[in-house]
Structures are given as structure tokens and as C-alpha cells.
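Chemist: heads up, no residue letters with this:
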């Protein structure tokens with residue numbers, strides 16, 4: 001692990017990717033976090049109450065991570081990430097439990113909830129960043145749409161919907177190539193645990209389909225938040241440097257229409 005981590009940091013640095021330190025921090029954090037989880041998971045999964053607390057902790061960390069990735073706004077604007085992650089994960093998790101596809105046991109709920117929350121985190125982060133990047137880069141087109149009389153929400157969505165929708169591509173590719181290119185973790189884990197290939201395949205299948213539903217809902221909710229201006233980012237004009245405090249609170253307004 002040390003050799004691989006050093007290699008990843010070296011390649012990121014040599015390739016001038018700008019993420020060398022981030023790779024190192026991510027590797028170290030993974031070691032610390034998995035060590036902590038390994039110590040408490042045995043206790044957590046034997047109690048439904050502690051299982052619920054643990055799932056809530058995973059959800060909170062995902063919201064914080066996705067929100068900070070999306071927006072540079074000061075304050076608590078990152079908390080809006082709770083809407084897409086919750087809207088995607090909660091209905092699917094409830095449906096799986098109500099339909100008895102997922103046993104109401106900590107040992108089953110924790111890993112599946114973690115997979116779903118992780119998928120919603122990725123979709124929310126990618127969709128939010130791509131939507132806001134598109135609005136930033138095509139700010140002139142957005143102003144033109146507003147000048148033509150298009151409502152604020154529709155104008156934003158017209159600009160950023162296509163870019164944000166590409167966030168679903170990784171989940172689509174994973175589902176399309178399962179068994180041919182990759183053998184996902186749930187499938188391999190059940191095989192190593194002694195389950196039959198048919199049972200392992202069935203579990204992996206409903207996890208993949210559930211991920212598609214979770215990520216699709218998360219992307220739609222992110223687009224709605226961006227369209228309504230609840231999630232935003234300062235407009236950065238090329239060559240103007242980093243915007244000041246006032247610019248960080250920008251809101252797109254309809255231009256004044258002068259009458260003769």
C-alpha cells in the first residue's frame with residue numbers, strides 16, 4: 001500500500017495534475033478511517049439504533065463533502081447537498097427494506113446504505129460542479145436568454161442540463177459492463193463469503209439498478225437547485241482574478257428593459 005500510494009503521488013506530481021497532496025491526504029485518511037470503522041463496525045451492526053446512527057453519520061459526511069465540492073459560497077450553502085443525496089437514497093433504501101429485499105439487520109443495511117450514499121455523493125458532486133462550470137463559462141449566453149425574456153430557472157437549466165446529465169455516464173457504464181469488464185465488490189464479497197454465484201449475482205444486480213435510480217434522482221434535484229439559484233458559485237470573469245466578497249454573493253437578475 002505504501003509503494004502504491006507513493007507511486008500515485010509521484011505520478012500525479014510528475015504529470016502536473018495538481019492533486020499530488022490530495023492523493024497523499026486521501027490515502028492517509030482512508031487508512032485512519034478504515035481502521036476506526038474496523039474497530040466499531042462489529043459493535044454497530046448488532047444494534048439497529050447504532051446502525052441508524054452510523055448511516056446518519058455516513059449521510060452527513062457525504063453531504064459535507066459534496067456540498068464543499070460544488071460551491072465556493074461562504075456559510076451553509078453546502079448544506080443544500082442534503083436534498084439530492086437524501087432524495088435519492090431514502091426512498092430506495094425504504095423500498096428495499098419494505099419489500100424484504102434487504103433484511104432489517106445492521107450487517108445488511110450498513111454496506112448497502114454506504115453504496116447508495118456513495119453513489120449519490122458522486123452524482124451530486126459531479127452534476128453540481130458541471131452545471132455551475134457550464135453556467136460560468138457560458139454566462140454571456142445565459143444573460144442573452146434572460147434578455148430575451150426566458151425565466152431565470154428555464155434559462156439556467158437550458159444552459160447546464162446537458163452538462164450535468166453526463167454525470168450519470170459512470171453509473172451507466174458500470175451497469176452495462178458488469179460481468180464483462182468488472183466484477184463489483186458486492187458480487188465478489190458474497191462469493192468470498194460462501195454464497196452461490198446466482199445469489200451473489202442477484203444481490204449485485206439490485207444494487208446496480210438501485211444506484212441508477214439513486215443517481216438519476218440526485219442529478220435531477222441538483223439541477224433544480226441550480227436552476228432556482230439556491231446552489232450557485234461566483235462568476236469568474238477571465239483575466240479579472242478571483243472575485244471579491246460582493247461578487248461571491250451574485251445573483252442573476254433580469255436586465256432592465258428600457259422603454260422609449
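Modeler: Yep, it's here. Every value quoted in this text rests on a predicted model; they were computed, and no experiment measured them.
Chemist: would you map the helices across the stretch 151-260 of the chain?
Modeler: 152-165, 169-176, 185-192, 197-227 (DSSP state H, counting those that start in this stretch).
Chemist: hey, least reliable of the ones you listed by pLDDT?
Modeler: Note on these: lowest mean pLDDT is at helix 185-192, with a mean of 72.
Chemist: determine how far that helix lies from the middle of the whole chain.
Modeler: Going by C-alpha atoms, centre = their mean, to the nearest Å, the spacing between the C-alpha centre of helix 185-192 and its chain's C-alpha centre is 24 Å.
Chemist: returning to what we had before: dump the helices of the stretch 151-260 of the chain to JSON lines, plus mean neighbour count and distance to residue 60.
Modeler: All C-beta spots, glycine's among them, are computed from the backbone N, C-alpha and C. Shown next, in JSON lines, are the helices of the stretch 151-260 of the chain (neighbours: other C-beta atoms under 10 Å; distance: least, C-beta to C-beta, whole Å):
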{"stretch": "helix 152-165", "mean neighbour count": "18", "distance to residue 60": "24"}
{"stretch": "helix 169-176", "mean neighbour count": "14", "distance to residue 60": "23"}
{"stretch": "helix 185-192", "mean neighbour count": "16", "distance to residue 60": "23"}
{"stretch": "helix 197-227", "mean neighbour count": "20", "distance to residue 60": "16"}
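Chemist: out of those helices, the one nearest residue 22 is which?
Modeler: helix 169-176 (19.5 Å; C-beta to C-beta).
Chemist: returning to that earlier point: now the helices of the stretch 151-260 of the chain as CSV including distance to residue 32?
Modeler: CSV is the format used below for the helices of the stretch 151-260 of the chain (distance: least, C-beta to C-beta, whole Å):
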stretch, distance to residue 32
helix 152-165, 33
helix 169-176, 27
helix 185-192, 21
helix 197-227, 27
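Chemist: wait, doesn't residue 78 sit right on residue 68?
Modeler: Yes: counting by C-beta atoms under 8 Å, residue 78 does reach residue 68; the two are 5.2 Å apart.
Chemist: which one of the helices of the stretch 151-260 of the chain lies nearest to residue 45?
Modeler: helix 185-192 (14.7 Å).
Chemist: what sits up against that closest one?
Modeler: 111, 115, 197, 199, 200, 201, 203, 204, 207 (C-beta atoms under 8 Å, 6 or more residues apart in numbering).
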